[in-house]
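**Q** Based on what follows, work out the 3D shape:
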Amino acid sequence: MTRFRQYDPLKVYVNDEGLVRFATEQYSESVDTLQSRMMHLTNYSVNKQNPAFVQNQDGQGEEDKEDAALDDNGQPKASKWSLTELRHRPWFARDE
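**A** Predicted structure coming up:
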């Protein structure tokens, strides 16, 4: 249980930017894949061992557009994106 020793005044920090990490294997609900760490975890130290792992080229959470490895849909395959990069994806839906 988390306890707050002092919350008056309560301080809340909100950032416009952050990082999004993706697993390097397509997700499956099958119980046969429960042991697939690279499918169910987005941890860098786990996924960097997968041959499908793509290192980001610019070191800032986004792929360099010129050097980006693309998937079959023309999307960058990097395992780490910035929130800005994610928000600009046509398939990304969010509540306004």
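**Q** And the contacts of the helix or strand hosting V20?
**A** Secondary structure assigned from DSSP states H and E places V20 in strand 19-21. In this structure, residues lying in contact with strand 19-21 by C-beta atoms under 8 Å, 6 or more residues apart in numbering are 42-44, 47, 61, 79-83, 85-86. Glycine gets a C-beta too; all of them are placed from N, C-alpha and C.
**Q** In helices, which of those residues fall?
**A** With DSSP state H as the criterion, helices contain 44, 47, 83, 85-86 from among the contacts of strand 19-21.
**Q** Columns neighbour count, distance to Y27 and pLDDT on top of the residues you listed, output as JSON lines?
**A** As requested, those are exported to JSON lines (neighbours: other C-beta atoms under 10 Å; distance: C-beta to C-beta, whole Å; pLDDT from 0 to 100):
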{"residue": "Y44", "neighbour count": "11", "distance to Y27": "18", "pLDDT": "80"}
{"residue": "N47", "neighbour count": "22", "distance to Y27": "13", "pLDDT": "79"}
{"residue": "L83", "neighbour count": "15", "distance to Y27": "20", "pLDDT": "84"}
{"residue": "E85", "neighbour count": "18", "distance to Y27": "20", "pLDDT": "81"}
{"residue": "L86", "neighbour count": "16", "distance to Y27": "16", "pLDDT": "80"}
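**Q** just to revisit the earlier point, tell me which other helices or strands the helix or strand just after the strand holding V20 touches.
**A** Later in the chain than strand 19-21, the nearest helix or strand by DSSP H and E is helix 37-40. Judged by 3 or more C-beta pairs under 8 Å, 6 or more residues apart in numbering; DSSP states H and E, the packing partners of helix 37-40 are helix 44-47.
**Q** packing partners for the helix it packs on?
**A** When contacts are defined as 3+ C-beta pairs under 8 Å, 6+ apart, helix 44-47 sits against helix 37-40.
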